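> need coordinates for the following:
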Amino acid sequence: MNPPQIIQTPSGEELVVLPKAEYDALLQRADAEAEDEDDIAMYDARKAELAAGGAVLPAEVSAAILRGESRLKAIRNWRGHTQLYLNFKTGIGQGYLSDLETGRRTGSPETIAKLAQALNVPVEWLT
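Numbering: from 1, shown residues only. Modelled structure (predicted):
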């Protein structure tokens, strides 16, 4: 690591000159710290929800979401239902359900309520 060069402007402001690689490394560290702060804030928010009696997703659902499944798909699979079953129970088309699960479309509050009722889960789990 090279020592930084300090330059003083005519107005007295000090500027630091450092190699680009060191600057990039500083930016990466700052991004990582910001991400850590976001994770901590999310953890604290979920912990507060639990303390307030909020709805808690089952571990299997959380694990599926961490593997990349959408919340709707993870809950549907956890319940052991197919898209066709949900189509039958809710009247929501199978293609539309597929679009909801892949994130190509978002459901209206009424659609989400129907799905929550058919899956026997709190609406909050699907929002």
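> any idea which helix or strand comes after the helix or strand of the chain with the lowest mean pLDDT?
Every helix and strand in the chain was compared by mean pLDDT, DSSP states H and E; the lowest is helix 20-51, with a mean of 83. Moving toward the C-terminus from helix 20-51, the next helix or strand (DSSP states H and E) is helix 59-66.
> which helices and strands sit right next to the next helix or strand after that next one?
Once the chain leaves helix 59-66, the next helix or strand it forms, by DSSP H and E, is helix 71-79. Helices and strands touching helix 71-79, by 3 or more Cβ pairs under 8 Å, 6 or more residues apart in numbering; DSSP states H and E, are helix 59-66, helix 94-102, helix 109-119. C-beta here means a position set from N, CA and C on the backbone, and glycine is covered the same way.
> residue 96 and residue 105 touch, don't they?
Yes: using Cβ atoms under 8 Å, residue 96 is in contact with residue 105, at 6.8 Å.
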